[in-house]
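[1] sequence and predicted structure are below.
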Amino acid sequence: MNYLFHLLIYLNIYAIVAMSLNLISGYCGLLTLAHAGYFAVGGYAYALATVKLGWSFIPAVLLGIGMSSLLSLAVSIPAWRFRGNFFVMMSLAVQSLLFSLLHNWSSPGAELGTWRNLTNGPFGIAGISKPVLFGMKFQAIASIALISLAIALVCAGICWLLLSSPWGRLLKALRDDELAARGLGKNTRFIKVQVLAIACGMVAVAGALYAAYVGYIDPNAASLDESVLFLCMAIVGGVGNFRGPLVGAIVLLAIPEILRFVDIPDAMAANLRLMAYGVLLVVMMHVRPQGLAGDYRIE
Amino acid sequence: MQILVNGIVTGLTVSVLAVAFAIVYLPARVFHVALGGIYAAVPFVAWAILRAGWPSGIAFAIALGAGVIISLACEAVNHAPLEKKGGASGAHLVSSLGIYIAIVQVVALIWGNETKVLRTGLDAVNRIGNVIVTQAQAIAAGVSLAILVAFYAGLHFSQLGLQLRALADNPKEFALRGYNVRRLRLFAFGISGFLGGVSSLLVAYDIGFDPNGGLAAVLLAVVATIVGGRLSFWGPIVGGVLIGIVRSQVVWYLSARWQAAVTFLILAVFLFVRPNGILGTKARLEAEES
């Protein structure tokens, strides 16, 4: 039963990630590899706020959202000038920048969370408290699963509201023909900044949930492997509608679980999992470029 | 002066990789991310053959051959069929990224994740004036220069080079005139695999190698290409040397851990001030991508 709750929590985290990526790739037409960086920023903000400042769940998550949205300028400003391949490379640069920040912002001897040792370098931050909400501590796995489900539903609601509004239609117009949207007097640059800030804020929530559930976060949460996993969700599931991201999250959650039940030595399992993602990307591009349940084909 | 020389040597190896990237990007408009996989795999092949007791010349030749074959396979199995289906440029990039991941994981499965070295013992040192050049650096600089000179001579004076430049300039008209685009693309991928392998071996001989450094190296090459000028065959060299010099200054004045940060700072500055690079001519980005 606990295993099912564990799966549910991960599914919720992945679903939030996939929904936020859907905003970027499905409605903005941009592929990003920096998403794991923002995921980790959310996780680190939550971890530092709870461990060092003793904040409760909601303000800590809000701090993560704020940080992540602010940092999203690092991908949205290149998005003014770049589309397609060069934007992917830019986002890869942002990812390696965020990773090296989290990995290097430490100095031996200094206390964790001070200005000289903010992230504790490669050792990460341990002992992150479980979510504290309205004075109650959610210790049991079932209650964390409940919180994560609630948050995922809230995120889905926000996405739905945003995308069915005029703003969402403008976004689609921007994706399909940026020049025409600009010709109609729309401020496409500002729209891109908005979308990326919202999406990065949303993925920060997922990062905070992850940190709260696992109780530990290290720079590997921002690694390229994570980014590729997130990108895989968007590409395998498909983007441009509501089903796609959910399908992607389920499939990508299922792959490591299946590998777990097949008898493979632990040392090889991680490599095989990543290899499966790589092969999956190639196969999807050949067989079904719009994803299993997507509406929009990445250009 | 010492730092400048170190920077130029690093910059030359980056330039070779950047040229390897550009030789595919300009004619075929494919982002050859799988080059990172070749960059990762080639030193391991050389290392394995050296361990089997073969002479180093044969080992390096076989390793380079392996790089060329992987690169050709990328085009034959992945990019050519995608192009035939009219795949978008994003599809090329994503599938190439997938190939990169698969190659790196295969390498890690076979040879492990640890950093390895191609040579043992201390390096011989040459003193020129007050500058110290290690033998590995001298080899890296010499081979890079020779390869770059040979490449540009080929590009400008041979029939194939002319065809490559024509394909980069206007692929549709080139095809309409009856040239075999598919064979030329294969050729470009082969050259790319070779150049990527050379750059990788030179770096591996100097400082060692591990399976995960490939994408970072290719990213550096892309930055060099953008800084130098995306639409010119000469851009990668200028950008590569510039980046190498700046990075070595960063190591000296700041710290090696902020190398990546400063590299991307340069990139950001260039994007805002001169988005077409040092050697670029004015062109709109949106217009090219479609």
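    Structure received.

[2] number of residues surrounding residue 87?
    Chain wasn't specified; assuming chain A. Number of residues near residue A:87 (other C-beta atoms under 10 Å in any protein chain shown) recorded here: 23. C-beta: built from backbone N, CA, C; applies to glycine.

[3] think we crossed wires, I meant chain B
    20.

[4] which element is it on?
    Of the helices and strands defined by DSSP states H and E, none includes residue B:87.

[5] how much space separates it from residue B:30?
    In this view, residue B:87 and residue B:30 are 10 Å apart by C-beta to C-beta, to the nearest Å.

[6] so what does the helix or strand harbouring residue B:250 touch, helix or strand wise?
    Using DSSP H and E, the element containing residue B:250 is helix B:235-253. Under the contact criterion of 3 or more C-beta pairs under 8 Å, 6 or more residues apart in numbering or on different chains; DSSP states H and E, helix B:235-253 touches helix B:2-28, helix B:214-228, helix B:259-273.

[7] just how off-centre is the second one within its chain?
    Put plainly, it is helix B:214-228. Its chain's average C-alpha position is 8 Å from that of helix B:214-228, according to C-alpha atoms, centre = their mean, to the nearest Å.

[8] tell me the angle of that helix relative to helix B:2-28?
    Relative orientation of helix B:214-228 and helix B:2-28, computed by axes from the mean of the first three to the mean of the last three C-alpha atoms, to 10 degrees: 90 degrees.

[9] hmm, helix B:214-228 touching chain A?
    Yes - interface with chain A: helix B:214-228 contributes B:215, B:216, B:219, B:222, B:223, B:226 (C-beta under 8 Å from any C-beta of the partner chain).

[10] can you add distance to residue B:208 and pLDDT and give the residues you listed back as CSV?
    Below are the residues of helix B:214-228 next to chain A laid out as CSV (distance: C-beta to C-beta, whole Å; pLDDT from 0 to 100):
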residue, distance to residue B:208, pLDDT
B:215, 17, 85
B:216, 14, 84
B:219, 19, 86
B:222, 23, 87
B:223, 23, 87
B:226, 28, 84
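
[11] among these, which one has the most neighbours?
    residue B:222 (30 neighbours).

[12] I'd say that one and residue A:87 touch.
    No - assessed by C-beta atoms under 8 Å, residue B:222 is found out of contact with residue A:87, at 11.9 Å.

[13] give me every residue in the stretch 101-250 of chain B lying close to chain A.
    So the stretch 101-250 of chain B meets chain A at B:101-102, B:104-106, B:108-109, B:215-216, B:219, B:222-223, B:226 (C-beta under 8 Å from any C-beta).

[14] which one of those residues is nearest to residue A:273?
    residue B:105 (8.7 Å; C-beta to C-beta).

[15] re the thing from before, so which bits of the helix holding residue B:250 are buried?
    Within helix B:235-253, the residues that count as buried by 16 or more other C-beta atoms under 10 Å in any protein chain shown are B:235-248, B:250-251.

[16] check stretch A:40-59 too.
    A:40-51, A:55-57.

[17] what's the farthest-apart pair in these?
    The widest separation within the buried residues of stretch A:40-59 (C-beta to C-beta) is 21.3 Å, between A:40 and A:56.

[18] tell me where the stretch 1-150 of chain A has strands.
    All strands of the stretch 1-150 of chain A, identified by DSSP state E, counting those that start in this stretch, fall at A:125-126, A:132-133, A:136-137.

[19] and the last one, average pLDDT?
    Confidence for strand A:136-137, expressed as mean pLDDT, is 74.

[20] equivalent analysis for the second one, please.
    Along strand A:132-133, the predicted confidence averages to a pLDDT of 76.

[21] how about low-confidence regions in the chain?
    With no chain named, the answer covers chain A. Scanning chain A for pLDDT under 70 picks out A:110, A:113, A:135.

[22] was after chain B, sorry
    Looking at chain B by pLDDT under 70, you get B:121, B:280-290.

[23] spatially central residue in it, please.
    Of all residues in chain B, the one closest to the mean position by C-alpha atoms, centre = their mean is residue B:17, 1.8 Å from it.

[24] quick check: residues of the stretch 101-250 of chain A near chain B?
    A:101, A:104, A:178, A:179, A:224, A:228, A:231, A:235.

[25] okay, now the fifth one: neighbour count?
    For residue A:224, the tally of surrounding residues (other C-beta under 10 Å) stands at 21.

[26] hang on, isn't residue A:215 packed against residue A:130?
    Yes - Residue A:215 lies in contact with residue A:130 (C-beta under 8 Å); the separation is 7.3 Å.

[27] neighbour count winner among the two?
    residue A:130 (18 against 13).

[28] give me the distance between that one and residue A:278.
    Counting by C-beta to C-beta, the gap from residue A:130 to residue A:278 is 35 Å.

[29] residue A:207 now?
    Residue A:207 is 24 Å from residue A:278, by C-beta to C-beta.

[30] of those two, who's got more company?
    residue A:207 (33 against 23).

[31] now that one: closest residue in space, sequence neighbours ignored.
    residue A:42 (3.1 Å; C-beta to C-beta, 6 or more residues apart in numbering or on different chains).

[32] so who does the residue of the stretch 101-250 of chain A found nearest chain B touch?
    Relative to chain B, the nearest point of the stretch 101-250 of chain A is residue A:104 (4.3 Å; C-beta to the nearest C-beta). Residue A:104 makes contact with A:121, B:257, B:258, according to C-beta atoms under 8 Å, 6 or more residues apart in numbering or on different chains.

[33] now swap in residue A:147 and tell me
    A:57, A:131, A:133, A:138, A:209.

[34] all set now, cheers.
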